[in-house]
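# A predicted structure for the sequence below; I have some questions about it.
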Protein chains: 2
Amino acid sequence: MAAAEPQPRRATITDVAQLAQVSPAAVSKVLRNAYGVSPAMQERVRAAMTELGYRPHAAARGMRGQTYTIGVVLPDLRNPFFPELVEGIGAHLDGTDYQMVLGPGGSTAESQARIIDALTDRRVDGLIMIAPVLSRSRLEETTRTVPIVVIGRHGRSTDYDAVVDDDLVGAGLVVDHLADLGHRRIAHIEHRDTTRGIPATMPQTVRAEGYRQAMQRRGLEAEIDIVASTYSEAGGHAAAVELLARPVRPTAIFAGADVAAIGVLNAVHEAGLRIPDDISVAGYDNTTIAAMGPISLTSVDQDGNLMGTNAARLLLERIERKRDRAVLLSFSPTLVARRSTAPPQT
Amino acid sequence: MAAAEPQPRRATITDVAQLAQVSPAAVSKVLRNAYGVSPAMQERVRAAMTELGYRPHAAARGMRGQTYTIGVVLPDLRNPFFPELVEGIGAHLDGTDYQMVLGPGGSTAESQARIIDALTDRRVDGLIMIAPVLSRSRLEETTRTVPIVVIGRHGRSTDYDAVVDDDLVGAGLVVDHLADLGHRRIAHIEHRDTTRGIPATMPQTVRAEGYRQAMQRRGLEAEIDIVASTYSEAGGHAAAVELLARPVRPTAIFAGADVAAIGVLNAVHEAGLRIPDDISVAGYDNTTIAAMGPISLTSVDQDGNLMGTNAARLLLERIERKRDRAVLLSFSPTLVARRSTAPPQT
DNA sequence: GAGAACTCCTGAAACGATTCAACAACGGAT
DNA sequence: ATCCGTTGTTGAATCGTTTCAGGAGTTCTC
């Protein structure tokens, strides 16, 4: 006979059932808040669960029902905007039975496909994909297995929900701000992806288009000046070097991302020019770097928390089958003016 | 009869077994590279697997064996040092059967305990905890369920493995660098956690101690000046304001973390002082921010990639039962001198 | 040439939950 | 009194994999 077993194994649903003197099936119902349990049984079962310190075995649940796990695929841990999204998602999941896990997706279609496979192998109940580079058809294919919410990519689908910030508007805000200050020669640095893909729906393309449209709207179509580079410090630096070498150099540079704007700042310093006296610089994303004192970069703010919360909400609606029609949620960004922009010197 | 089923369900191990004309048990062996399979059968089974596009069902595997999932708990997504660790871990896991998932742990003991529970409910095979604030006993308790590797916390355990960077040495590097430049009044900004916990083993405490020891070693014990604050921009700012108000102000400030150093830079700018002419500033962690041109902050570099890779290696050794003795791996940091430090003005 | 020792393979029993059909008990309507 | 619908509960089947105790050949050893 077992003399004294400390706590050799986790309590199972059967243990709980025995202690509460009900069937395992009944315990399962309590666990899932399913229909058809009397308050009396509820209480008895819950008491037994806490007494045994019972915790449901997620893998076992996943065999038949749900895993109560939702996967978040994010391409780049270094992007300071993503933590806000994750926090927003977490805030909405808090208090529900669902738990989030993060998958480091990488920036290529292959690596992202791999992590999607890995997560679906683990039977997540839903997937939130942040700025995926996967083709639309690949996403829609995945939707047949598991519901998806896509964050930060324009272009709608009838199969999955999407949450975006309106980059067209955001780029317009920057151009308006600079034009209002009196700038005319406003250049833009765009991220041009070399890999084959779905460029038209990615934020960078929309930002460039927003810049173009706003310049036209302000009667500055003759001044449109786009340099294709990458959203990175090095990319911004290279683009700025090119711009500063122009015979007539721009009085303002609008980089499509804060990281690129940092590169611009470096290049401007190296050229012996001052900001904002000689040249104004603006970014996009309002990352923490932009807010830092020595940088103080004018930028466009997206409410990541809000976007994350809504993405999680949409996903749970899908998982719980409360809705079967695709939704596109579009938020408006705001401009945060800081010391890196000022009226041009005449 | 089923006329035309597109692909209604995933292939299971039984489907593979049927197609390959072997038993499910045999397929399982192939899957796990287990002992006792002839090359001929190997090949037949593998062919069947690819033909059916078979992918193992992780939840089902978790019921008896392993899930081939390892959980990484990180307290703060915003800390720019963590992505390097994650990359290192990923690099070592790449090519193995294991997949990593990230758990947003939060910075309190409760939230970290919660995510540990959530991950063990999901039967991860191992856990890598980055700078956990949990008590040692709580960690050792968890070790009884699942192997753990702790990154970035000093103090050894006989139950779990640990990978640290030697913060004592790192702090010494900074003091030596500044003292070599001719500084004597070198102040330090320490992170002082208000919550009850295990302070002596956390990096911040060790860094402060390293500062203290180095100052003594250089014969500067009379100049030891530590301000307790937090590792954050606001914390660094407040501490710097306090230091600059000293009757005799320090000629160099060594902040225990880059983020805090950024706050110091702000405060110094606001005070109308120049860096490094009027005051030298150094940080710790060598984050990407430190490297940025306009900031150019002298800092201490830890090889996060290396640390992550080794943590993953240690964990797999444990999971695969190749070792049962606890290991402490300690790496040496290096100093990266930039433009924020210079000899003091006499 | 008989047994021992390997090697390769298999059938069936787990693992811990959910689901489904069935059933008991109980009021309320006829 | 009988039937019916509703509510609360349960036993048994099920999910896809691993594990375990053999079984059938084949090779080795003395």
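Good, I have the coordinates. Numbering: from 1, shown residues only, chains lettered A, B, ... in the order given.

# give the contact list for A:I226.
A:187-190, A:208, A:211-212 (CB atoms under 8 Å, 6 or more residues apart in numbering or on different chains). C-beta here means a position set from N, CA and C on the backbone, and glycine is covered the same way.

# From B:S135, how far out is A:G308?
31 Å (CB to CB, to the nearest Å).

# got it, and A:A179?
Relative to B:S135, and taking CB to CB, A:A179 is found at 58 Å.

# Could you do A:H237 as well?
In terms of CB to CB, A:H237 sits 46 Å off from B:S135.

# So these two - more neighbours on which side?
Remark: of A:H237 and B:S135, A:H237 carries more neighbours, 21 against 14, as counted by other CB atoms under 10 Å in any protein chain shown.

# one step back: is there a quick PyMOL command that grabs whichever of the contacts of A:I226 are buried?
In PyMOL syntax, the buried subset of the contacts of A:I226 is picked out as below (16 or more other CB atoms under 10 Å in any protein chain shown):
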select buried, chain A and resi 187+188+189+190+208+211+212
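
# State the pair within the contacts of A:I226 that is farthest apart.
A:I189 and A:R212 (13.4 Å; CB to CB).

# burial count for A:D94?
12.

# Give me the phi and psi angles of it.
phi -60, psi 130 (degrees, to the nearest 10).

# Point out where chain A drops to low pLDDT.
Scanning chain A for pLDDT under 70 picks out the ranges A:1-8, A:195-199, A:346.

# what does it have sitting close to DNA strand C?
Residues of chain A lying close to DNA strand C by CB under 7 Å from any atom of the strand are A:9-10, A:12-14, A:24-25, A:27-29, A:31-32, A:34, A:56-57, A:60-61, A:63-65.

# Distance of the spatially most central residue of chain A relative to DNA strand D?
Note on chain A: the residue nearest the mean C-alpha position is A:I130, at 4.1 Å, using CA atoms, centre = their mean. For A:I130, the distance to DNA strand D (CB to the nearest atom of the strand, to the nearest Å) stands at 29 Å.

# For that residue, name its beta-bridge partners.
A:I130 forms beta bridges with A:I151, as assigned by DSSP bridges.

# doesn't A:T69 make contact with A:L102?
No - A:L102 lies out of contact with A:T69 (CB atoms under 8 Å); the separation is 11.3 Å.

# what ranges do the helices span in the stretch 101-250 of chain A?
A:109-121, A:136-143, A:167-181, A:203-217, A:233-244 (DSSP state H, counting those that start in this stretch).

# For the shortest one, buried residues please.
If I follow you right, that is helix A:136-143. Under 16+ other CB under 10 Å, the buried positions of helix A:136-143 are A:136, A:138-139, A:142-143.

# circling back to that earlier point, could you say which one of the helices of the stretch 101-250 of chain A comes nearest to A:L85?
That would be, of the helices of the stretch 101-250 of chain A and by CB to CB, helix A:203-217, which comes in at 13.3 Å.

# From the contact count, pick out the helices and strands touching that closest one.
The contact analysis (3 or more CB pairs under 8 Å, 6 or more residues apart in numbering or on different chains; DSSP states H and E) places helix A:203-217 against helix A:167-181, strand A:186-191, strand A:225-229.

# Please identify the deepest-packed of these.
Among the helices and strands packed on helix A:203-217, strand A:186-191 has the highest mean neighbour count (mean count of other CB atoms under 10 Å in any protein chain shown), at a mean of 27.

# Give the pairing partners of that one; include direction for each.
strand A:225-229 (parallel), strand A:252-255 (parallel).

# by contact count, what packs against the very next helix or strand once past the last one?
Next helix or strand after strand A:252-255 toward the C-terminus (DSSP states H and E): helix A:258-270. Counting contacts by 3+ CB pairs under 8 Å, 6+ apart, helix A:258-270 is packed against strand A:186-191, helix A:233-244, strand A:252-255, strand A:280-282, helix A:288-291.

# Is there contact, residue-wise, from the second one to chain B?
Yes - when contact is scored as CB under 8 Å from any CB of the partner chain, part of helix A:233-244 falls within range of chain B: A:E233.

# then that helix to PDB, C-alphas only?
The C-alpha trace of helix A:233-244 is given here as PDB (Å, rounded to 0.1, in the frame of the first residue of the first chain):
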ATOM      1  CA  GLU A 233      18.900  53.000 -39.000                       C
ATOM      2  CA  ALA A 234      21.400  52.200 -41.800                       C
ATOM      3  CA  GLY A 235      18.600  52.600 -44.400                       C
ATOM      4  CA  GLY A 236      17.600  56.000 -43.100                       C
ATOM      5  CA  HIS A 237      21.200  57.100 -43.000                       C
ATOM      6  CA  ALA A 238      21.900  56.100 -46.600                       C
ATOM      7  CA  ALA A 239      18.700  57.800 -47.800                       C
ATOM      8  CA  ALA A 240      19.500  61.000 -46.000                       C
ATOM      9  CA  VAL A 241      23.100  61.100 -47.400                       C
ATOM     10  CA  GLU A 242      21.500  60.800 -50.800                       C
ATOM     11  CA  LEU A 243      19.000  63.600 -50.100                       C
ATOM     12  CA  LEU A 244      21.500  65.900 -48.600                       C
END
